[in-house]
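Asks: From the sequence below, what's the structure:
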Amino acid sequence: MARKHPARAPQPEQLVFPFQLRVGDVILEDGARAEIVSAPASMKGGKTTRAWLRRDGETVQREAVWEAWRKIRLIQRAGVTVTAG
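Replies: Next up is the predicted model:
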């Protein structure tokens, strides 16, 4: 019988792979907060991942491309309110 693990409480900041991002997640990109506005898609045989994001205070969306093995600093998960302390 498989043992169920309790759900982990979300951490204020965590490192995730690009393909683990979801629409609405907030990440730290080049020192600024940015929200993911499209689902990540893999390219080049899964070696790179791309997604569209929008920085705080901007209305323009831009494309971001990451190497699939590099981790990204996730500040807030979509639909989850995280409080530090």
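
Asks: Quick check: bridge partners of the closest residue to residue 64 other than its chain neighbours?
Replies: Counting by CB to CB, 6 or more residues apart in numbering, the nearest residue to residue 64 once its immediate chain neighbours are dropped is residue 53, at 5.3 Å. In short, each C-beta sits where N, CA and C put it, glycine included. Taking DSSP bridges as the rule, residue 53 bridges to residue 36, residue 62.

Asks: Next up, the contacts around residue 53.
Replies: The contact partners of residue 53, taken as CB atoms under 8 Å, 6 or more residues apart in numbering, are 27, 29, 34-37, 61-64.

Asks: Work out the gap between stretch 36-53 and the centre of the chain.
Replies: Distance, stretch centre to chain centre, for stretch 36-53: 11 Å (CA atoms, centre = their mean, to the nearest Å).

Asks: Now it: buried residues?
Replies: 36, 40, 48-53 (16 or more other CB atoms under 10 Å).

Asks: what mean pLDDT does that stretch have?
Replies: For stretch 36-53, the mean pLDDT works out to 91.
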